[in-house]
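J.: Next input, structure requested:
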Amino acid sequence: MAPLKMNFACCLYDRMVPLATGEVQPRGLDLNFLEFHHPRDIFDRQAGNKEFDACELSSSEYITRYAAGDKSFVAIPAFPSRAFRHSFIAVNSNTVKSPKDLEGKKVGVQLYTMTAAVWQRGLLQHEYGVDLDTIEWVEGMMEAPGSHGKPSALPPLKPIKITTNNKPKSLSQLLEDGEIDATIGADPPDCLGRAPHIKRLFPDFKKVEMEYFKKTGIFPAMHLTVLRREFYEANKFVASSLFEALNESKDLARKKMSYTSALRYMLPWLPEALDEIQEVFGGDCWPYGLEPNRKMLEALIQYLHEQSMIETKPTVDELFAPVSLTRFKMNLNDSLP
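T.: Next up, the predicted model:
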């Protein structure tokens, strides 16, 4: 039987390269890897038109749609994008010197509903006691006037102080000019590092993020992987096949990164970073599968509920298709293929 043709839209992260080049071949699939440079383009096209058989998708967007009754997609527990987000919170240091100072202020955000902002608000509330209801959120592009993409995300379920940036300025410029007090989201503002009064809320962010992980065990997932439900229901084997291939691709990327005789990336102190990953994460800092990510996913669901983005909390298990991992799992001590 000929392999099933399937397209998969994703940014070309290092963990995706072996899959994109064909070095890793999904079982029973003829995969067409569609490379994108910005994930927002994937999200908007998939949510709006269901253009792809499979793709990376905003974690918060998927969960909010599912909780609202839209079962157009089914997820598999492979997470193309992760990031600690403490370092992406920038503030006007004249008005904000600590997390609690954000209360009653205007804070710019690309999209209130974006996953990065959900995580940032969650950690501000739970780790620093910030009353989110006192903040006015100003939505817009970080480095240009106008809106961030063409999102079709569902609006909050209760009134939130959200305004649209209608000024001929970017959020970065508004922050620099003192018209807003801070920015959160997926990108730091361009004025950070240029304007002397614009600082990170957490200057020693690496230390803070490592302490956060050691305390919570959470390395936030920004994106997960979804299949169009109609495609999945007609070909249920694709969930495990793609999951296996994504695992193999990620493990191969990790293996190649750990080969330090000739540095694969332009990171002069990559060996030190690899030692640190081993010390902090115990090896694999990017785990796929439900159990290694259950606590992280439960926290995201809780934050979405608290921030009025979902009315009822789905369970972690119902959000994901059942998958198995039958392929050989690579050991980092094995030689490269």
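J.: Spell out the secondary structure type for the residue at minimal distance from the centre of the chain.
T.: A centroid search over the chain (C-alpha atoms, centre = their mean) returns residue 222, at 1.2 Å, as the residue closest to the centre. Secondary structure, DSSP: H, G, I helix; E, B strand; the rest coil: residue 222 is strand.
J.: Number the chain from 46, please
T.: Happy to do that; since the first residue is 46 now, the last one works out to residue 267.
J.: That one: what's it in contact with?
T.: When contacts are counted by C-beta atoms under 8 Å, 6 or more residues apart in numbering, residue 267 touches 103, 104, 124, 126, 127, 128, 160, 161, 164, 231. From N, CA and C alone the C-beta is placed, and that goes for glycine too.
J.: any idea how far the fourth one lies from residue 182?
T.: Here the distance between residue 126 and residue 182 works out to 22 Å (C-beta to C-beta, to the nearest Å).
J.: Helices of the stretch 146-295 of the chain, residue ranges please.
T.: For the stretch 146-295 of the chain, the helices defined by DSSP state H, counting those that start in this stretch cover 160-173, 216-221, 250-261, 274-279, 282-302.
J.: Deepest-packed of these, please.
T.: Using mean count of other C-beta atoms under 10 Å, the stretch among the helices of the stretch 146-295 of the chain with the largest mean neighbour count is helix 216-221, at a mean of 25.
J.: helices or strands next to it in the packing?
T.: strand 151-154, strand 227-229 (3 or more C-beta pairs under 8 Å, 6 or more residues apart in numbering; DSSP states H and E).
J.: most tightly surrounded among the ones you listed?
T.: Of all the helices and strands packed on helix 216-221, strand 227-229 has the most neighbours on average by mean count of other C-beta under 10 Å, namely a mean of 27.
J.: Now do that one: which elements does it pack against?
T.: strand 135-137, strand 151-154, helix 160-173, helix 216-221.
J.: okay if I get these as a markdown table plus distance to residue 94?
T.: Listed next are these as a markdown table, based on distance: least, C-beta to C-beta, whole Å:
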| stretch | distance to residue 94 |
| --- | --- |
| strand 135-137 | 34 |
| strand 151-154 | 26 |
| helix 160-173 | 21 |
| helix 216-221 | 28 |
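J.: Need these in a markdown table (columns: distance to residue 333 and mean pLDDT).
T.: As requested, the helices and strands packed on strand 227-229 are arranged in a markdown table below (distance: least, C-beta to C-beta, whole Å; pLDDT from 0 to 100):
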| stretch | distance to residue 333 | mean pLDDT |
| --- | --- | --- |
| strand 135-137 | 31 | 98 |
| strand 151-154 | 29 | 98 |
| helix 160-173 | 17 | 98 |
| helix 216-221 | 33 | 98 |
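J.: Residue 288 is nearest to which of these?
T.: The closest of the helices and strands packed on strand 227-229 to residue 288 is helix 160-173. By C-beta to C-beta, the value is 20.6 Å.
J.: and that closest one with helix 250-261, angle?
T.: 70 degrees (axes from the mean of the first three to the mean of the last three C-alpha atoms, to 10 degrees).
J.: and helix 160-173, C-alpha only, in CSV?
T.: Only the C-alpha atoms of helix 160-173 are listed here, as CSV (Å, rounded to 0.1, in the frame of the first residue of the first chain):
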residue,chain,number,x,y,z
THR,A,160,0.0,31.6,25.0
ALA,A,161,3.1,33.6,26.0
ALA,A,162,0.9,36.2,27.7
VAL,A,163,-1.2,33.5,29.4
TRP,A,164,1.9,32.1,31.0
GLN,A,165,3.3,35.5,32.0
ARG,A,166,0.0,36.6,33.6
GLY,A,167,-0.2,33.2,35.4
LEU,A,168,3.3,33.5,36.9
LEU,A,169,2.7,37.2,37.8
GLN,A,170,-0.5,36.2,39.7
HIS,A,171,0.7,32.9,41.3
GLU,A,172,4.4,33.7,41.9
TYR,A,173,4.2,37.4,42.8
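J.: Which elements pack onto that helix?
T.: By 3+ C-beta pairs under 8 Å, 6+ apart, helix 160-173 packs against helix 104-112, strand 227-229, strand 266-273, helix 339-351.
J.: and those, which is most packed in?
T.: strand 227-229 (a mean of 27).
J.: List the neighbouring strands of that strand plus their orientation.
T.: If you go by DSSP bridges, strand 227-229 pairs up with strand 135-137 (antiparallel), strand 151-154 (parallel).
J.: Of all the ones you listed, which one is nearest residue 326?
T.: Nearest to residue 326 among the strands paired with strand 227-229 is strand 135-137 (26.7 Å), distances taken as C-beta to C-beta.
J.: now the closest one: how far from the chain's centre is it?
T.: Centroid separation for strand 135-137 versus its chain: 22 Å, with C-alpha atoms, centre = their mean, to the nearest Å.
J.: got the buried residues for it?
T.: Buried residues in strand 135-137, counted by 16 or more other C-beta atoms under 10 Å: 135, 136, 137.
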